[in-house]
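[1] predicted structure and sequence below. I'll ask about it afterward.
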2 protein chains.
Amino acid sequence: MNFLRVNMSSKKISVEEAGEKYRLLGNRGLIAQLAFDEIDPKCDPLGPNNKLIIATSPLDGFGITCTGRLSVGGKSPLTGGIKEANAGGVASTKLVHQGIKAIIVEGLPQSEEFFMLHIHKEGAQLIPAKAIAKKGTYSVAEKVYEEYGKDVGLITIGPAGENRLASAGIFVNDMDGDPSRPAARGGMGAVMGAKCLKAIVIENDGSFKPPVFDERAFNEARKAFAKGIMEEPAIKVYTEYGTMGMLMILNDLSGLPTLNFRKGMWEKAEEISGERFHDLILERGGEGKITHRCMPICVIQCSNVFPDKKGKKLIAPLEFECAGMLGSNLGIADLDQIARLTKMCNDIGVDGIEVGAALGVAADAGFFEFGDGKQAEELIGEIGEGTPLGRILGSGATVTGKVFGAMRVPAVKGQAMAAHEPRGIKGMSITYALSPMGADHTAAATYRAQIDHHKPEGQMEVSRNIQVLMAFYDNCCCMFVSRGLIKKPEIFVNLINAIYGTNYGTDYLIELGKEILKLERAFNLAAGVTQDYLPEFMKIEKLGPHGLTSDIPQSDYNRFWEEAFWGKFPELK
Amino acid sequence: MNFLRVNMSSKKISVEEAGEKYRLLGNRGLIAQLAFDEIDPKCDPLGPNNKLIIATSPLDGFGITCTGRLSVGGKSPLTGGIKEANAGGVASTKLVHQGIKAIIVEGLPQSEEFFMLHIHKEGAQLIPAKAIAKKGTYSVAEKVYEEYGKDVGLITIGPAGENRLASAGIFVNDMDGDPSRPAARGGMGAVMGAKCLKAIVIENDGSFKPPVFDERAFNEARKAFAKGIMEEPAIKVYTEYGTMGMLMILNDLSGLPTLNFRKGMWEKAEEISGERFHDLILERGGEGKITHRCMPICVIQCSNVFPDKKGKKLIAPLEFECAGMLGSNLGIADLDQIARLTKMCNDIGVDGIEVGAALGVAADAGFFEFGDGKQAEELIGEIGEGTPLGRILGSGATVTGKVFGAMRVPAVKGQAMAAHEPRGIKGMSITYALSPMGADHTAAATYRAQIDHHKPEGQMEVSRNIQVLMAFYDNCCCMFVSRGLIKKPEIFVNLINAIYGTNYGTDYLIELGKEILKLERAFNLAAGVTQDYLPEFMKIEKLGPHGLTSDIPQSDYNRFWEEAFWGKFPELK
């Protein structure tokens, strides 16, 4: 497997074999290791020495379910620290079939002309991207399909990325051609924009098949993998309700951010619940789908297609995070309105979570009226246009809070919290405060842990253990696999050993997860990203209706990175 | 001596004796110790648990020259770390004569009604500030003098502070009644604004005289102090040219920021030089003054009154820092225009350094044309009005850079560099990167050090030693005293020993300076403020005309806080 190195200063493209060191690393783990090896933690996120790393899974390309996630990462313009965000879609597997393990985009062009990277079986070229520059992601997709056909993998940014807004994401096309699978968090779209790379198009003509060490063991392990996932009853909720199924669960825990994190339980929650969403799709029929795959091979199928009243596709998918942050958090109880806002975010190319949080902060400052969906559309429109106000909002919740002198900013390390209220679900306090990723729910969502979520005790250990495991999962597959396989680590190691001829035991998961987090932590320490605590309003303000505060003792935060748990940390200066 | 504690939540005011621990601490040192003792480093700078500390010198009130500086500090909304900024003016000595060593403003009001704190010999009251709310600092002064007479001390914020903009300063009135002595840096005006305290008025009726331990020794030491300062030839430049005298010195060193830090030497520098400024004042006559005191007792008199073409006072004073950041840095070579911009900053209540840097960044992003003074006026006007664009600029250079996706942002820890280019004067790289104050030239201006300023070697030690000494000076007097007394520490200890009955040797200066810096560092570590490096563009981009880069080795930065030099650090969790 190769690294495709694309230098935007010189426009030179080179192919090199990924070294032995990187063989079992992929996605988040590969980004952590490459960032540690190649990126100066003190570099400017938008400067020539940051790199945009686009990484595939070491399990992708073998026909294994849930392994086609595409990761993007580097130094984040939002947090100033290391970042990895991932998305489904069809691009990852197509890259693998071109023999590409990761794309490393380097340098910085002198001019502001945007380019498109075209990858096919004969090689790769940078092509001027005039026809798609400044276009929304949906128009980009249309234009690209016109020229290259619908069978390509597409990785693109919207105008927000071109404008280098810190909430800009990178979007991947799904199996129906929608560029609506966002690797949204942390502003990696702005890094791609700074490098003047508008899109990457991967032809479907790749024929590389990564080798398998032991075919027979592999076939068994692969079957066991899919079966193991589907046997777990918890997975069924995802299949039927997708992530939207979480909405009422979180609401019941006081974990649903409402009106800029003023409440964790909303009287209107049912109007935007997974159940309501599910029924509405069935009721409206047409192009609607309650199950949908985000990647070619997926047994879970947590995605969806949400139709409008006439049955025409409005968005695919609507995920819980956007329903929370652009819905309850903004006092908007209308699923159609939320879907429209989410689609606008996708098209402009911004992270709906970050934008929802920024609008919530703007509401506190008097620039937005909670519940006013039309105004939310206008404001998101301004992000796309790049007006001063739009640029403020598109720079994320923390910058919005600074500019408006706001005191209630739900963010850590410059990144907004997702739709998991950390007072209602206290383990999230630890996740948000201490993940090297900033306030990112995917680092460790704790709401399903067997613990009293309203009590501070034990949350540090719960979050830390999940963070370690998630780092492992983020190295090679969709995070929801963890739901299915969390008690069956042997299924994972069997698969890896069969493919790579290794001889790992089940402790491999924990060991690799720890190594990844340690690399990330080392990067952040050298970058000076050490705001390891929640915003103070969450310690002071009681969350309605249960009067919950963020009351995990500081000593628990202080213990998180203790060497007794992690062992020695690598050092970066 | 007392602490006046003002709780803005309860509107309760209390007086308490400052403990023994604080006896010899004042200004910056007192703020460091009080912040360490009383402020949670993880608090919200604009929230109820931050405190605005207003501190006097332990040498003020005795009729000693250069000791009437007023410090303001707490947790900075600009850097997120500890902050102290100081100004001259008449307020400090009046506070001391009321028996007040420091004012500690706490809490946060429920309503947005602004108050004024009125201090007089019978006590202190909070009075609704309707008549001065939303007014510029010059109008505030007028209104206050109408009601209380011209003999009061005034500490006020402008609209920028009320709007909680992170570049808002706190302004003190001078001997002529102008509220133009800014404790500008670090956004403490926003903290005062968040606490809804518009102004503090101190009556001249205080009669407290701090006791002296040994009158005879004191009288001798006091005379030696003033004489010692004036004997130093370097001081004469300040007397005649004020800080403006630095402009050509820095320009010759490639140390004058020009066109958003693109050059360090400007072909138009002479048009705004101290010499030109000096001659213009003499030429125009009228109310102009080439020497002027910022405090009642000052032998240096580095301040000035700059008259317009008709001889009428345009601004008092115009300082080098604003001439650099609002002049050369913006390509503006017109002293009258620079004076008008500076006066606008004073009136709105923002830091001219931070605003100059923000406008420079905005120029790179296409929102400002270098050299266009009228446009600069319009943009600064927008800061006062609080438009979205004005709020971006008023939030400082770092936020402006984030919002516009800029890659050339001359700032560290969220605070803009002052008009000392750290590639032309390399010791400033260390000062900016490692001072707990963020990029603050007052932490250690190295341009007079006997070293080759264009070479990286030895700069760390030079800056560190000056930082230690400056922390001592900042504890008790104007930083320019250091120019006069740097080789005569015994004069200082004699004075302190005579007043306080202590028995310190000359190593006291270094010891105290170190203690202060260690407290500040400990605060920042607990606050997670650890961006201890310069923006990358300064490492990459060659500064014209000498092609200088920021090339001090990382190992020198890493050694700065070594325990071998500092001893053990106090710890804050």
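    Here it is on my side, so go on.
[2] for the stretch 401-550 of chain A, just list every one of the strands.
    Using DSSP state E, counting those that start in this stretch, the strands of the stretch 401-550 of chain A run over residues A:411-412, A:415-416.
[3] got TSV for the ones you listed, with mean pLDDT and distance to chain B too?
    Yep, even glycine has a C-beta here, placed from its N, CA and C like the rest. Output for those, formatted as TSV (pLDDT from 0 to 100; distance: least, CB to the nearest CB, whole Å):
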stretch	mean pLDDT	distance to chain B
strand A:411-412	98	10
strand A:415-416	98	13
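[4] could I get those as JSON lines with mean neighbour count?
    Shown next, in JSON lines, are those (neighbours: other CB atoms under 10 Å in any protein chain shown):
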{"stretch": "strand A:411-412", "mean neighbour count": "26"}
{"stretch": "strand A:415-416", "mean neighbour count": "32"}
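[5] these: which one's closest to residue A:217?
    Nearest of the strands of the stretch 401-550 of chain A to residue A:217, taken as CB to CB: strand A:415-416 at 41.2 Å.
[6] so what's the residue in the stretch 301-450 of chain A that chain B sits nearest to up against?
    Nearest residue of the stretch 301-450 of chain A to chain B (CB to the nearest CB) works out as residue A:405 at 2.6 Å. Residue A:405 makes contact with A:365, B:46, B:77, B:163-166, B:190, B:193-194, according to CB atoms under 8 Å, 6 or more residues apart in numbering or on different chains.
[7] for it, grab phi and psi.
    The phi and psi values for residue A:405, taken as degrees, to the nearest 10, are phi 60, psi 40.
[8] residue A:71 now?
    Here residue A:71 shows phi and psi, under degrees, to the nearest 10, equal to phi -100, psi 140.
[9] you'd agree it is up against residue A:83?
    No - between residue A:71 and residue A:83 there is no contact under CB atoms under 8 Å: 9.9 Å.
[10] looking at these two, which one has more neighbours?
    In this view residue A:71 and residue A:83 are compared by other CB atoms under 10 Å in any protein chain shown, and residue A:83 has more residues nearby, 32 against 27.
[11] any idea which helix or strand carries that one?
    Using DSSP states H and E, residue A:83 maps to strand A:82-87.
[12] report the contact partners of residue A:324.
    Counted by CB under 8 Å, 6+ apart, residue A:324 has contacts A:247, A:250, A:256-257, A:356, A:418-419.
[13] contacts for the longest helix along chain A?
    Longest helix of chain A, by residue count under DSSP state H: helix A:507-527. Residues from elsewhere that reach helix A:507-527, judged by CB under 8 Å, 6+ apart: A:24, A:28-29, A:32-33, A:35-36, A:39, A:41-42, A:75, A:80-82, A:436-437, A:467-472, A:474-475, A:489, A:492-493, A:496, A:530, A:561, A:566-567, A:569-573, B:530-531.
[14] show me which residues of the stretch 301-450 of chain A sit near chain B.
    A:387-389, A:391-392, A:395, A:399, A:402-407 (CB under 8 Å from any CB of the partner chain).
[15] let me have the residues you listed in JSON lines, extended by pLDDT.
    Below are these laid out as JSON lines (pLDDT from 0 to 100):
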{"residue": "A:387", "pLDDT": "97"}
{"residue": "A:388", "pLDDT": "97"}
{"residue": "A:389", "pLDDT": "98"}
{"residue": "A:391", "pLDDT": "98"}
{"residue": "A:392", "pLDDT": "98"}
{"residue": "A:395", "pLDDT": "98"}
{"residue": "A:399", "pLDDT": "98"}
{"residue": "A:402", "pLDDT": "98"}
{"residue": "A:403", "pLDDT": "98"}
{"residue": "A:404", "pLDDT": "98"}
{"residue": "A:405", "pLDDT": "97"}
{"residue": "A:406", "pLDDT": "96"}
{"residue": "A:407", "pLDDT": "92"}
